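predicted model, plus sequence, below.
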Amino acid sequence: MNFLRKNSIVGLALTFLVLLVAVPLMGQELRTASEESNFENYTSYEEMMEFMQQVQGRSTEMVLSSFGKTIEGRLQPYAILSRPLITQPWEAFASGKPVVLLNANIHGGERTLRESLLMLLRDLATAGSEENKLLDDMVILVVPSINPDGFVRASRGNSAGLDLNRDFIKLEQPATWNYAHNILLKWQPHIYMDGHNGGAYPYNICYESPAHAATNLRLINICDEEIFPYISERMEEHGYQAWYYSGGNRTAWRGGSPEARDNTNYGGFFNSISILFESPSQDRAAGAKSGYVASRALLEYIAANADKVMNYVSWARRETIELGQKAQGDIAIEVTRGPMDYKVSYLIAEGRGADRQIIEVTDADLIIKPVVTKSRPRPYAYILEARAYKAVALLKKHSITIEVLQEDIELDIEAYNMTGIQRRSVYDHPGSVSVTCDNAMIKRKQTFKKGSYVVRTGQMQGRLVTQLLEPETSDNVLTWNTMDAILPRSPGRSFDPKIVEGQDRSRSNRPAIIPIFKLMTPMALPMQIWKQDDTGN
């Protein structure tokens, strides 16, 4: 071998070694810190941020950013994965593809599905993978940790000890506000998964759709009839089991609460197919891997049924606007859950420790059907006096369109007579307000001054409008104390024969009118959209 050829070979070898040292990650499998520990440890906040940045560094089909900061200044990261690349909501809407959101860790100590999403994020971003092919059919947002302050404490709440998953009506906590304002309400996902730790053994994943009857039933039915059976089938193929949240006994299986203040139920109010995933207590590796399988199965279903998912959501949004514009239909005021029209079989665990046994229950009730126990007719619009500005500020947090009268006007309206009021501790409010009202409405002519607020129900957020402005719901502007200063000081005498019996006769005969007025007939009004921003400027 001559000298020049020998030196060339040596030079090539040295160059190859330099390249190996210079770009070690590109030829190696990227793994989460939890995977590296064989799932003995969770991926820390710092390791999560580094991992997401490394994934970004390997992909041209991913955008990495943050949607806000927590009380303690931690960034709340999110990733957008799409082909072709999309960076803004309007681009996603123009793509003609479903917008899909995967989130987890709103309860800081609930970490399992956070690990599942980090692994899935990597595989979605890996060119040539089966998961990466899903980007042809949808735009995917991944939010692995809504509550990083709670994560570092392994606590359910945030750094103030508050449960962020009860804050979706008030939107008081920075982490919840950031997520709702910059992700949910800005991107308006067609479908999203909300990841928790809970449910019932021996299942690996427990799922649930929105539980409130105010949700368009198509968005609930598609979950029960198609999405959940598909997820269960895919889970079984991988040796896992999935069933409904939350738990059962030998006679019935019951679902969760219908309160609007929860993340999953909130999604139904803005016309999204919102799905709860709960990972019951299990081996950490099994939990993370089964959560991965379930999340991927959800994406697979969407890819195969993209048009159906988008059409169902479009119908729900169009229906919301049309019902309000025509002042048609009833509003679900009080909701419970009843049995489905068929019987089911499922597994339950009885006993503890070595004595625990798995029992199969057959021919049992599945109590997940939203049932309306009280309703009220839907108005064309609600009218609030200028002094209700705190209530209006709460409405605006939810991207609700508010208009303002430009001149005085006399209108035929309906109003509620408050027959009872109670203050009690709810969530973090020691004096949360609940009221009872006459079944019959007060109907009269009333002059509203220029500057009064008008909130139409015929808008995209119309379901939230009615939930917030009907005084008898469990999550409204009265509940969270935004109208304390202008509510009647004491209840009035009922004029409804169904309520009069047993009532205190010493009260005044005057009604106690709640200052939320209902305009029942569609009509043109002299008004303009209220331009005041969230800071009051």
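It's in. Residues are numbered from 1 along each chain as shown.

point to the residue nearest the middle of the protein.
Nearest to the geometric centre of the chain sits Asn263, at 3.2 Å (C-alpha atoms, centre = their mean).

chain neighbours aside, what residue packs nearest to it?
Using C-beta to C-beta, 6 or more residues apart in numbering and skipping the chain neighbours, the partner closest in space to Asn263 is Asp194 (4.8 Å). The way it works is simple: take the backbone N, C-alpha and C, and place the C-beta from them, glycine included.

on the three-state scheme, Val371 is what?
The three-state label given to Val371 by DSSP: H, G, I helix; E, B strand; the rest coil is strand.

please name the bridge partners of it.
Beta-bridge pairing for Val371 (DSSP bridges): Thr336.

any idea how far it lies from Ile169?
To Ile169, Val371 is 22 Å away according to C-beta to C-beta, to the nearest Å.

of the two, who's got more company?
More crowded of Val371 and Ile169, by other C-beta atoms under 10 Å: Ile169, with 27 against 14.

quick one: contacts for that one?
Residues near Ile169 by C-beta atoms under 8 Å, 6 or more residues apart in numbering: Ala260, Arg261, Tyr266, Leu394, Gln467, Leu468, Asp475, Thr479, Trp480.

work out for me the element it sits within.
Take DSSP states H and E as the rule and Ile169 turns out to sit in neither a helix nor a strand.

and it, backbone torsions?
When read as degrees, to the nearest 10, the backbone of Ile169 gives phi -100, psi -50.

what segments of the stretch 151-300 of the chain are helices?
For the stretch 151-300 of the chain, helices defined by DSSP state H, counting those that start in this stretch occupy the ranges 174-179, 185-187, 217-222, 228-237, 263-269, 284-304.

for the ones you listed, which one sits closest to Arg318?
Counting by C-beta to C-beta, Arg318 lies closest to helix 217-222 out of the helices of the stretch 151-300 of the chain; the figure is 11.4 Å.

give me the packing partners of the closest one, helices and strands only.
helix 306-326 (3 or more C-beta pairs under 8 Å, 6 or more residues apart in numbering; DSSP states H and E).

give the buried residues for the helix it packs on.
For helix 306-326, burial by neighbour count (16 or more other C-beta atoms under 10 Å) applies to Ala306, Val309, Met310, Tyr312, Val313, Ala316, Arg317, Glu319, Thr320, Ile321, Leu323, Gly324.

that one - what's its average pLDDT?
Rounded to a whole number, the mean pLDDT of helix 306-326 is 98.

other residues contacting it?
Residues outside helix 306-326 that contact it (C-beta under 8 Å, 6+ apart): 97-98, 137-138, 190-191, 215-216, 218-219, 222, 271-273, 302, 328-329, 378, 380, 456-463, 465, 522.

please list only the buried members of these.
For those, a neighbour count by 16+ other C-beta under 10 Å gives the buried set as 97-98, 137-138, 190-191, 215-216, 218-219, 222, 271-273, 302, 378, 380, 456-463, 465.

strands - which of the residues you listed land there?
Among the buried ones among the contacts of helix 306-326, the residues falling in strands (DSSP state E) are Ile191, Ile273, Arg456.

any weak-confidence spans in the chain?
Low-confidence segments of the chain, defined by pLDDT under 70: 1-28, 496-509, 533-537.

quick one: His190 and Ile220, what's the gap?
Distance from His190 to Ile220, counting by C-beta to C-beta: 15 Å.

would you say Lys390 is within a helix?
Yes - counting by three-state DSSP, Lys390 is located in a helix.

quickly find the element holding the residue nearest to it when sequence neighbours are not counted.
Spatial nearest neighbour of Lys390, excluding adjacent residues (C-beta to C-beta, 6+ apart): Thr482 at 4.2 Å. Using DSSP H and E, Thr482 is not contained in any helix or strand.

can you check the one 10 residues further on too?
Under DSSP H and E, no helix or strand contains Gly492.

in this structure it contacts Ala415, no?
No - counting by C-beta atoms under 8 Å, Gly492 sits too far from Ala415 to count as a contact (11.3 Å).

now find how far off-centre stretch 71-78 is within its chain.
Going by C-alpha atoms, centre = their mean, to the nearest Å, the spacing between the C-alpha centre of stretch 71-78 and its chain's C-alpha centre is 19 Å.

one more: stretch 417-433?
25 Å.

and the contacts of it?
Contacts for stretch 417-433 (C-beta under 8 Å, 6+ apart): 162-163, 166-167, 261, 434-438, 440-442, 471, 478-481, 483-484, 487-488, 490-495, 499, 503, 511-514.

in ChimeraX, how would I select the buried members of the residues you listed?
Those of those that count as buried under 16+ other C-beta under 10 Å are selected in ChimeraX with:
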select :162,163,166,167,261,434,435,436,437,438,441,442,471,478,479,480,481,483,487,488,491,492,493,494,499,511,512,513,514
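
what about the contacts of stretch 417-433, which are in strands?
For these, the ones inside strands are Ser434, Val435, Thr436, Cys437, Ile442, with DSSP E as the criterion.

make CSV from the residues you listed and add distance to Asp341 to it.
As requested, those are exported to CSV (distance: C-beta to C-beta, whole Å):
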residue, distance to Asp341
Ser434, 32
Val435, 34
Thr436, 32
Cys437, 33
Ile442, 39
